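*Asks:* Predicted coordinates and the sequence they were generated for:
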Amino acid sequence: MYTIQAENGGIDKDLFALIIERINKAPSYKNLGITLLTLSTGTARVGMVAKKEFENTSTHAHGGVIAALADTAMGLSIATQGFTVVTMDMNINYLLPVNIGDSLIASAYIIKLGNNTAVAEAEVYKFQHTLVAKSQGIFTVRPVS
């Protein structure tokens with residue numbers, strides 16, 4: 001089993017445990033090597049290393065992997081409000097290439113949370129200081145059951 005050890009930045013303990021449980025059941029996190037770092041009210045931070053398996057034809061990390069990291073961070077930022085989410089639309093701007101072996105961190109926050117949809121943004125950094133991508137997404141939301 002993939003074990004998540006993340007910091008609870010102040011959300012409800014039961015909701016935090018439920019999010020961790022659902023992440024542990026989702027193989028995509030393990031397969032991509034995504035690590036949950038922090039969940040706070042309306043925000044999330046996740047990290048990963050650009051593995052050799054993610055290399056594209058230009059010998060950099062494939063943009064789809066970076067998009068997956070941003071999408072994950074945005075979805076988790078909304079989950080901190082007690083919702084499950086499905087991505088409806090997402091855009092991403094790649095600002096710099098990511099080299100294989102680079103450590104990445106995506107930080108996301110909610111821009112707008114409605115009854116049925118939410119909008120969130122994410123920024124992806126390498127080495128925690130160099131912005132490599134910025135993303136915005138629209139998500140369907142429903143209360144956690």
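*Replies:* Sure thing, it's come through. Numbers count the residues shown, from 1 in each chain.
*Asks:* What residues of the top helix by length along the chain count as buried?
*Replies:* Taking DSSP state H as the criterion, the chain has its longest helix at helix 63-79. By 16 or more other C-beta atoms under 10 Å, the buried positions in helix 63-79 come out as 65-79. In this view, the C-beta of every residue, glycine as well, is placed from N, C-alpha and C.
*Asks:* for those residues, which one is nearest residue 10?
*Replies:* Each of those was checked against residue 10 using C-beta to C-beta; the closest is residue 77, at 13.3 Å.
*Asks:* how about the helices of the chain, start to end?
*Replies:* So, for the chain - with DSSP H - the helices run 13-25, 27-32, 63-79.
*Asks:* Quick one: mean pLDDT for the last one?
*Replies:* The average pLDDT within helix 63-79 is 98.
*Asks:* And the first one, by the same measure?
*Replies:* In this model, helix 13-25 carries a mean pLDDT of 93.
*Asks:* CA atoms of it as PDB?
*Replies:* Provided in PDB are the C-alpha atoms of helix 13-25 (Å, rounded to 0.1, in the frame of the first residue of the first chain):
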ATOM      1  CA  LYS A  13      -9.200  15.700  11.200                       C
ATOM      2  CA  ASP A  14     -11.900  13.300   9.900                       C
ATOM      3  CA  LEU A  15     -11.900  15.000   6.500                       C
ATOM      4  CA  PHE A  16      -8.100  14.900   6.400                       C
ATOM      5  CA  ALA A  17      -8.100  11.200   7.200                       C
ATOM      6  CA  LEU A  18     -10.800  10.500   4.500                       C
ATOM      7  CA  ILE A  19      -8.700  12.400   1.900                       C
ATOM      8  CA  ILE A  20      -5.600  10.400   2.800                       C
ATOM      9  CA  GLU A  21      -7.600   7.100   2.700                       C
ATOM     10  CA  ARG A  22      -8.900   7.900  -0.800                       C
ATOM     11  CA  ILE A  23      -5.400   8.900  -2.000                       C
ATOM     12  CA  ASN A  24      -4.100   5.600  -0.700                       C
ATOM     13  CA  LYS A  25      -6.700   3.700  -2.800                       C
END
